[in-house]
Every structure is written in C-alpha cells, then in structure tokens.
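# Structure here, sequence nowhere to be found:
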C-alpha cells in the first residue's frame with residue numbers, strides 16, 4: 001500500500017522541499033509514498049481569486065474563507081477515508097504514537113493554514129483534525145506539514161535501510177534516546193565509554209536504557225510522568 005499525501009496550500013512550490021532528498025526522496029521516486037500539492041486559490045470563484053477576508057468581529061489579519069477551502073477539500077477527498085489534518089498552533093501536539101497511526105494508514109489530506117487562521121465552520125463541517133508541531137508560531141502551515149510528513153515517511157516500511165533504526169529512537173519507548181558514539185576511539189581526549197566496546201550486549205543494552213532514563217529525567221521529566229500515568 002502506498003502512503004498518499006495530499007497537501008492543500010497557497011504555496012505548492014514549497015513541496016516536496018527537503019522531502020525530495022535523501023531517504024524520503026528515494027522512497028518518493030520508488031513510489032513508496034506519493035505527494036500531491038494542490039493550490040487552494042484554484043477554488044476561488046471571484047475575479048480576484050480571493051481566498052481570505054477580514055475576521056468577523058474585527059481584529060488584525062485575514063481569515064481563510066470557508067467556501068473556498070471546503071471546495072478544495074471536497075475536490076481532493078472525493079469520498080476517501082484518509083484523515084483530514086489542519087496544521088495549527090492550537091492543535092493537539094503531534095506525538096510519535098500519532099505518527100505511527102498515520103504511517104499505518106492510507107495517507108492524509110493536510111491543510112496548510114495562512115494568515116490569522118481558518119474559518120471555524122469549515123474546520124467543523126469537514127472534520128479537520130488540528131495538529132500542532134510545537135508551542136510557537138510559524139508564518140504558515142507548510143513547514144509544519146513538511147515536518148509531519150518527514151516523521152511519517154521515514155517509518156514507512158522499507159524507507160529506512162535498517163527498520164530497527166526506527167525502533168531505538170527518542171519517544172519510541174517513551175524515553176529520549178541514549179547517547180551515540182563512533183570511531184575514532186579517542187577524539188580530542190574524549191574516549192568512547194568502555195562499556196560500548198566490551199562486546200557484552202546485555203550490559204550494553206542495560207547501559208543504554210539507564211542513559212535514556214537519565215537524559216529523560218534531566219530534559220523531559222514530563223515524559224516519565226506520562227509513562228507512569230499510562231501504566232496505572
């Protein structure tokens with residue numbers, strides 16, 4: 001099954017962006033996933049091809065019009081069951097669990113917001129799932145959409161050279177990833193931890209887990225709290 005991504009945007013030229021390179025780009029060429037960037041402005045009906053208007057009730061900025069965006073969504077969805085995502089700073093934070101769910105499906109329709117936002121009525125009427133990639137504001141949803149697709153595409157079957165690479169990573173086990181080392185054995189007076197060259201894989205695995213716990217406790221204690229709550 002090919003993962004099919006359809007992106008609705010005012011700047012289709014921003015895609016595939018960095019996803020056209022490296023593993024994701026090769027997978028795109030092989031047909032392991034597909035990407036269609038659709039220009040929202042094509043669905044405007046007035047002579048100026050307007051896609052936004054002033055916010056009801058006043059205020060700064062402009063708002064994407066519901067009729068134009070709904071027409072674009074209807075055109076690309078055509079009755080399919082792919083989730084409809086809206087990249088939005090007020091959305092639910094993207095998690096590795098949600099990334100895995102998306103990667104296991106047929107694909108996604110991704111709406112890239114611009115201006116002050118999207119008319120709430122089209123969010124409700126078209127069942128858009130609002131997704132955030134962090135507590136900060138971007139100039140538009142395109143970089144967020146690329147980030148989401150990057151996270152999904154890399155774990156599609158066969159994309160990474162070693163599928164185990166996607167198993168031993170930050171967030172996959174509820175923890176941040178352990179430190180990594182490689183040759184030379186000594187660099188600027190710093191040694192690779194001796195335990196990693198011991199050849200005792202059971203001891204190495206235990207050390208890596210301990211390091212992951214330590215890093216998570218120092219940098220993201222909220223992940224440990226979440227993991228503990230989920231096991232109760």
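It's in. Predicted, not measured: the structure shown is a model, and the values here were computed from it.

# list the helices and strands the top helix by length along the chain packs on?
Ranked by residue count and defined by DSSP state H, the top helix of the chain is helix 201-219. For helix 201-219, the elements it packs on are helix 221-231, judged by 3 or more CB pairs under 8 Å, 6 or more residues apart in numbering; DSSP states H and E. (Each C-beta comes from the backbone N, C-alpha and C, glycine too.)

# which other residues reach the helix it packs on?
171, 174-176, 213, 216-217 (CB atoms under 8 Å, 6 or more residues apart in numbering).

# just those residues now: which is nearest residue 196?
The closest of the contacts of helix 221-231 to residue 196 turns out to be residue 213 (CB to CB; 17.1 Å).

# Can you name the residues that contact the closest one?
175, 224.

# Return the distance of it relative to residue 119.
46 Å (CB to CB, to the nearest Å).

# follow-up on the earlier one: can you point out the buried residues in the longest helix of the chain?
204, 207-208, 211-212, 215-216 (16 or more other CB atoms under 10 Å).

# Just give me how far it sits from the chain centre.
Its chain's C-alpha centre and that of helix 201-219 lie 26 Å apart, by CA atoms, centre = their mean, to the nearest Å.

# So residue 184 belongs to a strand, correct?
No. Counting by DSSP: H, G, I helix; E, B strand; the rest coil, residue 184 falls outside a strand, being coil.

# Just give me the neighbour total for it.
8 (other CB atoms under 10 Å).

# Can you tell me how far it is from residue 176?
For residue 184 relative to residue 176 (CB to CB), the value is 26 Å.

# Flag every buried residue along stretch 58-70.
The neighbour-count check on stretch 58-70 (16+ other CB under 10 Å) flags 62-66, 68-70 as buried.

# Which members of those residues occur in strands, if any?
The strands, defined by DSSP state E, take in 63-64 from the buried residues of stretch 58-70.

# between the buried residues of stretch 58-70, which is nearest residue 55?
Taking the buried residues of stretch 58-70 together and measuring to residue 55 by CB to CB, the closest member is residue 63, at 5.0 Å.

# what about the residue nearest to the closest one when sequence neighbours are not counted, how many neighbours?
Spatial nearest neighbour of residue 63, chain neighbours left out: residue 55 (5.0 Å); criterion: CB to CB, 6 or more residues apart in numbering. Residues near residue 55, counting by other CB under 10 Å, number 15.

# and the gap between residue 130 and residue 48?
For residue 130, the distance to residue 48 - CB to CB - is 29 Å.

# The two: which is more packed in?
Looking at residue 130 and residue 48 with other CB under 10 Å, you find the greater number of neighbours at residue 130, namely 16 against 6.

# For the more buried one, give me its contacts.
Applying CB under 8 Å, 6+ apart to residue 130 gives the contacts 85-86, 88, 90-92, 123.

# Any of these buried? List them.
85-86, 88, 91, 123.

# Run through the strands of the chain in chain order.
Under DSSP E, the chain gives strands at 3-9, 33-39, 52-53, 63-64, 84-93, 107-112, 117-118, 129-132, 186-187, 190-191.

# ok, the residue nearest the centre of the chain - contacts?
Nearest to the mean C-alpha position of the chain, by CA atoms, centre = their mean, lies residue 148 at 1.5 Å. Residue 148 makes contact with 85, 87, 94, 99, 102, 110, 131, 133 under the criterion CB under 8 Å, 6+ apart.

# Go again with 10 Å.
5, 7, 85, 87, 94, 98-99, 102, 108, 110, 131, 133, 141 (CB atoms under 10 Å, 6 or more residues apart in numbering).
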